[in-house]
Structure formats: structure tokens, C-alpha cells
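Asks: Got a sequence here, can you build the structure:
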Amino acid sequence: MANPFRVFKKDLGYFLKNRMLIITFLGVSIVPMLYGGFLIKGNWDPYGKLQNLPVAVVNLDKGAEYQGKAMNVGEDFVKELKENETFDWRFVSEQAAREGMVSNRYYATITIPDNFSEHASSLTSNTPQKADIIFESNSFYNFISGQISENATKELRNRLSQNLTEAYSRSMLSQFSELSSGLSRLAAGAFDLRDGAVQLKGGAGTLSSKLQELSGGAAKLHASVGQLESGASELNTGLSKLSSSAGTLSSGASQLGAASTQLKQGADKLADGSGQLKDGIQSAKSGADDLYAGLQQSAAGSKQLETGLTASAAASDTLADGSAQLAAGLKQLAGSNADLAADPAMQKLLAASQAVAGGAKELSKGQQQLLAGSRTLNAGQQKLLAGSKQLSAGQSKLLQSASQLATAQDQLRDGLSQMAAQFPAFVSGSKQLGQGAAQLAQGSEKLKSGISQFEAGGASLASGASQLASGAGELTTGADKLATGSQQLADNLGSAAEQTASLKADEKTIQMIAEPVTIVANDDRKVRLYANGIAPYFLSMALFAGSLVFTTMFSARRSADEEADGFPLFLSKLLTFGVMSLAQSLILSTVILYVLGLKVQSVPLFYLYTVLTGFTFMFVVQTFVTWLDNPGRFIVLLLMIFQLVSSAGTFPYELLPGWAQAMNPWLPMTYSIRGYRDVISSGDFAHMWAQAGRLAFYVVIFVLLTSLYFALTKKQRDEQQMPVKI
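Replies: Coordinates of the predicted model:
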């Protein structure tokens, strides 16, 4: 079997004899070191030099007054910045800051507005407003510096907010003693409220009982109103009849007045006859005197007339009978004595007695009419009736003594005159009685309507009283709950007063309120230098770039032995590419560790992992260039670009685009970066070995693919050299 290393030995001898190749080899071997070293050194600790970044500060704050004291938060903030070395603070005017941003002299500008203190002191006002600090980053000048300055400014803003919160807390805590006193007073008031609620409960119970009684009384009232309405209807009917009767009374009174005139005329005639009879009949005169005395009583007025009319009617009947008897007696007397009958005086007396009998008869008729009207008159008519009885008695005496007839007739005439004088008033009164009865009937109608409304109101009163009684019961329940709740309120307020009284306004408490939550950093997994965080990404880029550059200097297919092919040629190229990768990895690791001073978790594992990563990238690049030559280099360049985006070397995997996340598991740089993070920062060597296994898988696959190319090219050459069969 031929020596498989013969081609490699020949290539190595050719290489050692060619000084230019040696120089080229050495130059290519330091490409990853130059690439990775400068990138890592350039980004070694950029955040440690922020004090070199010029940032403009513009203070326009005019200050304000807070709780009677001058307050200028902008000035205090500037003083704090002057003691802060985060950036190169430049305290300039607004115009200078604007010109500096335009001319790119400042990476950012912080502006404190003129109303900053005014807004900062408005927390306890009715319209609190936020105090704004205007931050403007000059990202056009440098995007990263803008982001860095913005984050640092946020930290300063938080510190300023904490200082303001401390001031507010100090002010508020000083008022907690007053609050505690107020809560104590509120607790005392709550106890008073409880006592009042207990009293309210008792009063509500009494009210409920009384309202129950009111509800029962209202129901009885509603039932009684029905009877009242019925009585009002009957009253209205009676008043209607009274009004009608008053009209009849008025008509009768008018007729009675006319009859009284006739009676007066008859009385006049009777008086004339009685004057003539006076001398002859003494007994008639005595009766006339008695009649005059009785009629004198009836002359007292219309009030006695009403009473005397009844008696007068009876007396009038007696008078008529007596007069008739007198006339008959005189006639008999005249008939019994012819001389007496022929006596002119007797004839006159007889005529007068007959006239008196006729007048008495007419008087009896008038008295009957008066009697019909007197039945509707008032109690005064009773007195007239009594007078009529006295007149009847007087007429009886007249029977005993005719001599009194004249006097009685004079009294009758005078009484009738007075009665006639009173009749207009009587007629007018009867008319007024009719009108009053009509008005009273109308009023009774309204009374009936009002009683109907009163009945409806009584029903509503009964219903409302029942609802009030029910509500009073609920009020009792509510008062009970109020008493219980006020007791709890008093207890809670007392407890709150004790707690607020126990709150002390010391500096420790104020700082706790201003910053209730602090973040305690656990630095176990913290990368302290930016170089440690970015080194895995730059180291992978450097090794991949060195592999690509090597293929541009040394052929991936040809050898110094022009006859070389097959496995010896593959082995020579594999060893050549492997030696170059090993040299690049060792040089890069040594410079990073001992020249730049990068701290790692394990130096031997760092060397080992760098060598494995270098082999992976070198053999991947060798495969593409071996198969495709220059197009293969273009594909390798595209592969490098895809790996830079998809390997999550700078931004987290979750922030990558969807297509980049899909490519991430398939690219070798993903696993080289993960393993470097373990060996440089975390020390998770188990995870590192897992990534090393994945890289070794890539090495095996791509070495086999390269060997396949040389196997196929040897077979093709052998077939070309075989003799043609005939």
C-alpha cells in the first residue's frame, strides 16, 4: 500500500522551500488575531468611558414656593450633576445647546423647563402636574451614544424623583400627628353616632308602633267618611227641599201681607163699631182691653209674631164665633123689642156687630193663611201664637163685657198696623231665607264633593300609614345596622389613630417611603466587562473570516504533486487546512488571553474550544470552496452574513426576525457563541461540552463531504485513463 502521506510530505517540502509561501502562511495565520483582537479591544469597556461623552445641560427653572419656602429643584439638580461623573456635563445656555447639537459637539441635551419647580411643588395642590425634564439625544451623530445617554438620564431622573418623593414624604409625615388627632376625634364622633343609632333604634320602634295605630285609625276614619258622605247627601237633599220651602214661605208671606192689609181695614171698621158698642157693652170693652194687652205683646216685632200667629189663629176663630154670636144676640135682642129694633142706635149697633162679625170672619180666614205660613217660621212665631191666645182670653172677657170691645179693637188696629209695617221685612227675610237656603244647598254639594275627596285621601292616608309603619320597621333594622357599623367604624378609626400616631417622620422612614423597593443585584451571572459579553461573537467572526481568507491564498484542490489524486490528495489538503486552523486558533487565543487580558473560566478549555471552533469553520469553508471554487467562496460569504444575523451574538434570540430564528439552529456559529459564553463567563462546562459535540458533528459531516469530492474526481480520472475496449 502506497504511503498516504506522500502528497502531504511533498507539499510540505515545497512549502518550506518557498519563502513567500511561508510569509503568506504566517500572514494568514494572524488574520483571526487581528480581526478578533482589534474588535474586542475596541469594545473592551465602552461604558467605563462615558465621562468622555459631552452632554449639554440647560437649566431654565425659575423656582417656586412650597409650604412658605423657596424651592428651586432645577438648581439642586444641576448641583448634583456637577458632582456626577457619568458624562462630560456641559452647562450651557439654550441657544448654545441648540447650536452644539446641530454642529455635533454634544451627544445629547438635558433641558430643565422654567416651570419645573412649579410643577414639582404642585403635588399637594388641587391640580398636581408632573415635572418634566426634556431629553434630546443626538442619534444622528451616534445612535449608540444616544441610547447610552438616554438610559443614564433615566437613572438620573429616577434619582431626582426619589429626592422629590423624600421631600413630599417629609412634608406628609409631619402632618400625620394632625391626622392621628383627627382620626381620634372621628372615632369619638363614631361612638356618638353609635349612641345616636341606639336611640334612633328605640325611637324607630316607638314610631313603628304609633304608625300601626295610625294605620288602624286611618282605616276607621276611612269607614266613617263613607257614613259622613251619606249624611252629606241627605243634608244636600234636605237643603234643596228647604230652599224650595223657603220659596213657598216667601210666597205665603206675600199673601199674608195682603191679608194683613185686609185685616187692618176690617180692624178699622171693627174699631169704629166697637166705639159705638163701647158705651152699650161694658163686658165687650173689658175683653177689648185684654185683647189690646195681648196685641200689645205682639207689637214687639216680627219675632213675637211668629209665635203669636198660632194663638192668633185660634183666637181669631173664637172672635169670629163670638162676633157672630154677638151679632146674633143683638139681632135677637132687637127682634125681641120692636122699639129697640127701631132705635137708630140699636140699628147702628146691630150693623156694627154684623160688620165686626164679618171682619172677624175675614180675620179668621187671614189667620188661617198666616197659620199655614207660620208653620215654616222660626221660634218668634210662637210668641205671636201666645199673644193670640191672650187675645182669645181677651175676647172671652169681651163676651163678659162688650164695653171692652172698643179698646180691644183699637189695640187690634194698632197691632195690625205694626204687623203690616213689619211684613215687608218679613217678606224680605223670607226671600233672603230662600236665597241662603239655595246657597247652603250649593255649599252642601261642594261639601259632598269634598267629603268624596276626603274619603279618597283617607284611603291614601291608611295606605301611607301602613307603608310608614313598614318603613319604620325597616328603619329599626337600619338603625340596628347603623349602631353596629358605627361601633366598627369607631374601633377602626381608633386603631387607625394609634397606627398613624406610631408612624415616625425619621429619615429612615422617609427614605423607605421614597424608595420602598430596592433591587438587590445578584452578580453571579453578571458580565462585568462589555468585552466579555461581545467576545464570543467577535471570536467566532474572526475564526470564520480567517478560514475564508486562507482559501484565497492556498488552493483547496491542487498540490505540488501534479499526479496527486484521491485519498492522498484529500489527506494532504485536510492536514494543510487543519494546520492553518490550529495556528490561527492558538495565536488568537494567546493574544486574547495574555495580550488583551481577557478573563475566562478555564484557560485550557478556552484553547480547546477555540481550536474546535476553528476546525469547524475551516472545514465548512474548505468543503464549499473545494466543490465550487469561487462560487463556493461567495456562498461562504453569504453564510457568514446569515450567521452574523441569526446566531444571536448581539441581540437575544427572541428579538430576531422570524426567518433568522428559523435559521438559528442550523448554523454552526450559533453553537460556537453559546460555548464561548460558557467557557468565558458562566463556567457551565456541561453546557459547553454539549455545544462542542454539535460543532464536532459539523466537522465530521463536512470532512466527509470534502472526501467525497476527491473520491469522485479520482474515479473520473481513472475512467478517462482506461483503454477503450474493442
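
Asks: wait, isn't residue 622 in contact with residue 575?
Replies: No. Counting by CB atoms under 8 Å, residue 622 sits too far from residue 575 to count as a contact (11.5 Å). Where you see a C-beta, it was placed from the backbone N, CA and C, and this is true even at glycine.

Asks: more crowded one of these two?
Replies: Using other CB atoms under 10 Å, the more surrounded residue of residue 622 and residue 575 is residue 622, with 28 against 15.

Asks: taking the mean pLDDT, what do you get for the strand or helix carrying residue 439?
Replies: Element membership for residue 439 (DSSP states H and E) is helix 404-502. Averaged across helix 404-502, pLDDT comes to 70.

Asks: give me the low-pLDDT residue ranges for the stretch 551-700 of the chain?
Replies: Along the stretch 551-700 of the chain, the model assigns pLDDT under 70 to residues 560.

Asks: Ok, the stretch 51-200 of the chain next?
Replies: Applying pLDDT under 70 to the stretch 51-200 of the chain picks out residues 51, 123-125, 139-183.

Asks: run the last query once more with 90
Replies: Scanning the stretch 51-200 of the chain for pLDDT under 90 picks out the ranges 51-57, 61-94, 96-110, 112, 114-200.

Asks: what about the helices in it?
Replies: For the stretch 51-200 of the chain, the helices defined by DSSP state H, counting those that start in this stretch cover 73-82, 94-102, 116-120, 143-173, 176-280.

Asks: Which secondary structure elements does the third one sit against?
Replies: Pointing back at helix 116-120 there. Packed against helix 116-120 by the contact rule (3 or more CB pairs under 8 Å, 6 or more residues apart in numbering; DSSP states H and E) you find strand 64-66, helix 73-82.

Asks: hey, which of those is tucked in deepest?
Replies: helix 73-82 (a mean of 18; mean count of other CB atoms under 10 Å).

Asks: What is that one packed up against?
Replies: Helices and strands touching helix 73-82, by 3+ CB pairs under 8 Å, 6+ apart, are strand 54-59, strand 88-91, strand 108-112, helix 116-120, helix 143-173.

Asks: For the third one, which outside residues touch it?
Replies: What that stands for is strand 108-112. Strand 108-112 has contacts (CB atoms under 8 Å, 6 or more residues apart in numbering) with 55-61, 74, 77-78, 94, 97-98, 100-101, 133-138, 145-146, 149-150, 153.

Asks: And for residue 619, the neighbour number?
Replies: When neighbours are counted by other CB under 10 Å, residue 619 registers 25.

Asks: Pretty sure it sits against residue 703.
Replies: Yes. Assessed by CB under 8 Å, residue 619 is found in contact with residue 703 at 5.5 Å.

Asks: Any idea which of the helices and strands packed on helix 116-120 gets closest to residue 188?
Replies: strand 64-66 (33.6 Å; CB to CB).

Asks: who does that closest one touch, helix- and strand-wise?
Replies: Going by 3+ CB pairs under 8 Å, 6+ apart, strand 64-66 lies up against strand 69-71, helix 116-120.

Asks: can we see that at 6 Å?
Replies: Packing partners of strand 64-66 (3 or more CB pairs under 6 Å, 6 or more residues apart in numbering; DSSP states H and E): none among the helices and strands.

Asks: Parallel or antiparallel, list what pairs with it.
Replies: Taking DSSP bridges as the criterion, strand 64-66 forms sheet pairs with strand 69-71 (antiparallel).

Asks: Run a quick check on residue 580 versus residue 551, I expect a contact.
Replies: No. Assessed by CB atoms under 6 Å, residue 580 is found out of contact with residue 551, at 9.7 Å.

Asks: For the stretch 551-700 of the chain, just list every one of the helices.
Replies: For the stretch 551-700 of the chain, applying DSSP H, counting those that start in this stretch gives helices covering 566-590, 603-628, 630-646, 658-663, 668-677, 685-721.

Asks: dump the residue contacts of residue 101.
Replies: 109, 138 (CB atoms under 6 Å, 6 or more residues apart in numbering).

Asks: Repeat the analysis, applying 7 Å as the threshold.
Replies: Each residue near residue 101 by CB atoms under 7 Å, 6 or more residues apart in numbering is listed here: 109, 136, 138.

Asks: That one and residue 89, how far apart?
Replies: Going from residue 101 to residue 89 by CB to CB, to the nearest Å gives 15 Å.

Asks: cool, residue 576 as well?
Replies: Here residue 576 is placed at a distance of 58 Å from residue 89 (CB to CB).

Asks: same deal with residue 563?
Replies: For residue 563, the distance to residue 89 (CB to CB) stands at 74 Å.

Asks: Buried residues in stretch 621-632, which are they?
Replies: 621, 622, 623, 624, 625, 626, 627, 632 (16 or more other CB atoms under 10 Å).

Asks: thought the fourth one was touching residue 638?
Replies: No. With the criterion set as CB atoms under 7 Å, residue 624 and residue 638 do not qualify as a contacting pair; they are 10.0 Å apart.

Asks: Determine the set of other helices and strands touching the host helix or strand of residue 329.
Replies: Here residue 329 sits within helix 302-336, counting by DSSP H and E. Packing contacts for helix 302-336, counted by 3 or more CB pairs under 7 Å, 6 or more residues apart in numbering; DSSP states H and E, involve helix 282-298, helix 338-342, helix 344-374, helix 380-400, helix 404-502.

Asks: Cool, thanks, talk later.
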